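> model the following, please.
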Amino acid sequence: MEIKHVLIATLVITFTAIPFATSSAEETKPPVKAAKTEEKKEVVKPYKLDTCIVSDEKLDGMGEPFVFTYQGQEIKMCCKKCKGKFDKDPASYLKKLEVK
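You can find the predicted model right below:
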């Protein structure tokens with residue numbers, strides 16, 4: 001009978017301690033992902049034109065402009081459809097940014 005009490009007490013203590021052991025282990029882990037993310041932040045050059053880089057249409061003419069970053073340069077387009085044209089020959093469109 002005494003063995004049952006010891007066994008039950010051991011099981012209760014073990015299952016009660018498990019949540020505390022796992023939660024403290026998670027809290028002591030260093031924030032590895034946060035450090036790597038900060039290192040990867042790049043300085044993005046702002047887009048200086050007020051027209052679409054592909055169609056030369058006024059931005060906001062078709063709603064919110066489509067915005068993305070290409071090789072550290074912010075790019076704005078009148079719509080997402082222009083992205084396909086840009087992807088075929090980005091160098092020719094990027095020349096427009098060098099002029100201004």
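> beta-bridge partners for M77, please?
F66 (DSSP bridges).
> wait, it sits on K83?
Yes - M77 lies in contact with K83 (Cβ atoms under 8 Å); the separation is 6.3 Å. In short, each C-beta sits where N, CA and C put it, glycine included.
> overlap in contacts of these two?
The overlap between the contact sets of M77 and K83 (Cβ atoms under 8 Å, 6 or more residues apart in numbering) consists of F66.
> those two: who's more crowded?
M77 (24 against 15; other Cβ atoms under 10 Å).
> what sits against the more buried one?
52-55, 65-67, 83, 86.
> could those residues be laid out in CSV, adding pLDDT and distance to S92?
Output for the contacts of M77, formatted as CSV (pLDDT from 0 to 100; distance: Cβ to Cβ, whole Å):
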residue, pLDDT, distance to S92
C52, 95, 14
I53, 95, 10
V54, 95, 10
S55, 94, 13
P65, 93, 20
F66, 94, 18
V67, 95, 20
K83, 94, 15
F86, 95, 9
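> I'd like the residues you listed as JSON lines, with distance to P19 appended.
Below are the contacts of M77 laid out as JSON lines (distance: Cβ to Cβ, whole Å):
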{"residue": "C52", "distance to P19": "56"}
{"residue": "I53", "distance to P19": "55"}
{"residue": "V54", "distance to P19": "56"}
{"residue": "S55", "distance to P19": "59"}
{"residue": "P65", "distance to P19": "50"}
{"residue": "F66", "distance to P19": "48"}
{"residue": "V67", "distance to P19": "45"}
{"residue": "K83", "distance to P19": "49"}
{"residue": "F86", "distance to P19": "53"}
